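Peer 1: Got a predicted structure plus its sequence, pasted below:
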Amino acid sequence: MHIYPSGQTLAVNIERVIVTLVIASFALTSINTLILQGNSLTREEAIEISRNSKLVQSLLEGADWYTVQARHLNKTQNGKDHEIWHVTWHINPQGLGGVDYLVTHDIDEETGETLYEACLGLR
């Protein structure tokens with residue numbers, strides 16, 4: 001137990017504790033921000049998430065050929081409050097009489113969540 005001869009020593013120790021807490025809080029916030037910035041999806045990860053959808057898997061099973069493209073869209077380009085990957089598949093399944101399919105996914109860059117899925121059949 002410490003005996004403080006005056007209130008000044010106690011005030012200095014409380015000030016040190018507060019300054020230490022502020023510095024620790026700032027450091028933790030900075031580290032957390034850096035970690036979150038480093039967790040953005042890559043192009044390959046976005047394509048893999050799209051590939052794992054039931055729709056794409058079912059069309060790829062019997063595909064004669066396919067192509068895939070992934071474009072990164074920032075907040076301004078996509079009109080949302082977050083960045084996305086826009087993944088487009090052009091799939092030609094065998095034996096469907098000349099029908100091709102376009103499948104598109106919008107995938108949140110930070111969470112990996114599929115925000116939008118659409119399929120269009122082309123003749």
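Peer 2: Nice, I can see it.
Peer 1: For Ile23, which three-state class applies?
Peer 2: Using DSSP: H, G, I helix; E, B strand; the rest coil, the structure places Ile23 in helix.
Peer 1: the helices in the protein, which residues?
Peer 2: Using DSSP state H, the helices found in the chain span residues 7-37, 43-51, 54-61, 75-78.
Peer 1: Can you flag the weakest of these by average pLDDT?
Peer 2: Lowest mean pLDDT within these: helix 7-37, a mean of 64.
Peer 1: so what's Asp106 closest to, chain neighbours aside?
Peer 2: Tyr116 (4.0 Å; C-beta to C-beta, 6 or more residues apart in numbering). C-betas here are computed from N, CA, C, even on glycine.
Peer 1: How about the contacts made by the one you found?
Peer 2: Tyr116 sits next to 104-106 when contact means C-beta atoms under 8 Å, 6 or more residues apart in numbering.
Peer 1: do that again at 10 Å, thanks
Peer 2: Residues in contact with Tyr116 (C-beta atoms under 10 Å, 6 or more residues apart in numbering) are 84, 86, 104-107.
Peer 1: Buried ones from the residues you listed, can you make that a ChimeraX selection?
Peer 2: The following ChimeraX line selects those of the contacts of Tyr116 that are buried, judged by 16 or more other C-beta atoms under 10 Å:
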select :84,86,105,106,107
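Peer 1: Farthest-apart pair in the contacts of Tyr116, please.
Peer 2: Ile84 and Thr104 (11.2 Å; C-beta to C-beta).
Peer 1: about what we covered before: could you dump the contacts of Tyr116 into CSV with pLDDT added?
Peer 2: Shown next, in CSV, are those (pLDDT from 0 to 100):
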residue, pLDDT
Ile84, 96
His86, 97
Thr104, 98
His105, 97
Asp106, 96
Ile107, 97
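Peer 1: Of the contacts of Tyr116, which is the nearest to Gly121?
Peer 2: Of these, the one sitting nearest to Gly121 (C-beta to C-beta) turns out to be Thr104, at 13.1 Å.
Peer 1: Confirm for me that the closest one is in contact with Glu117.
Peer 2: Yes - when contacts are counted by C-beta atoms under 10 Å, Thr104 is listed as touching Glu117 (7.3 Å).
Peer 1: how does this protein divide into domains?
Peer 2: The chain is divided into the following domains under automatic domain parsing: 1-39, 43-122.
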